[in-house]
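Asker: Sharing a model that was predicted from the sequence below.
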Amino acid sequence: MINLGLQIAKNLKIPSTIELLGDVGAGKTTLTKGIAKALKIPEEITSPSFTISKCYVAPTGTQLVHYDFYRLSDPGLMSEDLDESISDENTITIVEWAETVANILPANRIIIKITTTDDGAREVAIEGLEL
């Protein structure tokens, strides 16, 4: 998943919005780590499950904002925060568990679906980005 994140980052335009789909443990945060690594973000990337969002800044000034709406049935003010991130011309926005904010996400977002197979392998389907 790290290597896939590296490959995805090479093909991203800034700004970009990425919706990550997959069960708990599918590799969504690991994929995000690969994107951050490609951006040369020095901080450790961790799941924002409990903080809802985390913002990282690359040496170039590009921001990577990572959201996880798993615990929220109503995002409340986080909807405004997400909308600002998506609108920022210098930001890559990554959203996990986006069902509650689907109406905010842009139609031209990248959708990455990660499925774990019975043998533990991962299958990844990507819409909206050519690799």
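Answerer: Sure, I can see it.
Asker: my guess is G22 meets A125, correct?
Answerer: No. Applying CB atoms under 8 Å, one finds G22 not in contact with A125, separated by 10.3 Å. Bear in mind the C-beta positions are built from the backbone N, C-alpha and C, glycine included.
Asker: what about these two, which has more around it?
Answerer: G22 (18 against 10; other CB atoms under 10 Å).
Asker: Against G76, how distant is that one?
Answerer: Applying CB to CB, to the nearest Å, the value for G22 to G76 is 24 Å.
Asker: try W97
Answerer: W97 sits 15 Å away from G76, going by CB to CB.
Asker: Between the two, point out the one with more neighbours.
Answerer: W97 (19 against 10).
Asker: Run through the residues that contact the more buried one.
Answerer: Contacts for W97 (CB atoms under 8 Å, 6 or more residues apart in numbering) come out as D68, F69, Y70.
Asker: V57: which of the residues you listed is nearest?
Answerer: Proximity of these to V57 (CB to CB) peaks at D68, which lies at 18.9 Å.
Asker: for the protein, what spans make up the helices?
Answerer: 2-10, 28-38, 78-87 (DSSP state H).
Asker: Give me the mean pLDDT for the last one.
Answerer: Spelled out, that is helix 78-87. Helix 78-87 comes out with an average pLDDT of 91.
Asker: Send me it as PDB with only the CA atoms.
Answerer: What follows is helix 78-87 as a C-alpha-only set of coordinates in PDB (Å, rounded to 0.1, in the frame of the first residue of the first chain):
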ATOM      1  CA  MET A  78     -16.200  19.400  10.500                       C
ATOM      2  CA  SER A  79     -18.200  19.900   7.300                       C
ATOM      3  CA  GLU A  80     -17.100  23.500   7.100                       C
ATOM      4  CA  ASP A  81     -13.500  22.500   7.800                       C
ATOM      5  CA  LEU A  82     -13.600  19.800   5.100                       C
ATOM      6  CA  ASP A  83     -15.100  22.300   2.600                       C
ATOM      7  CA  GLU A  84     -12.300  24.800   3.300                       C
ATOM      8  CA  SER A  85      -9.700  22.000   2.700                       C
ATOM      9  CA  ILE A  86     -11.300  20.900  -0.600                       C
ATOM     10  CA  SER A  87     -11.400  24.600  -1.700                       C
END
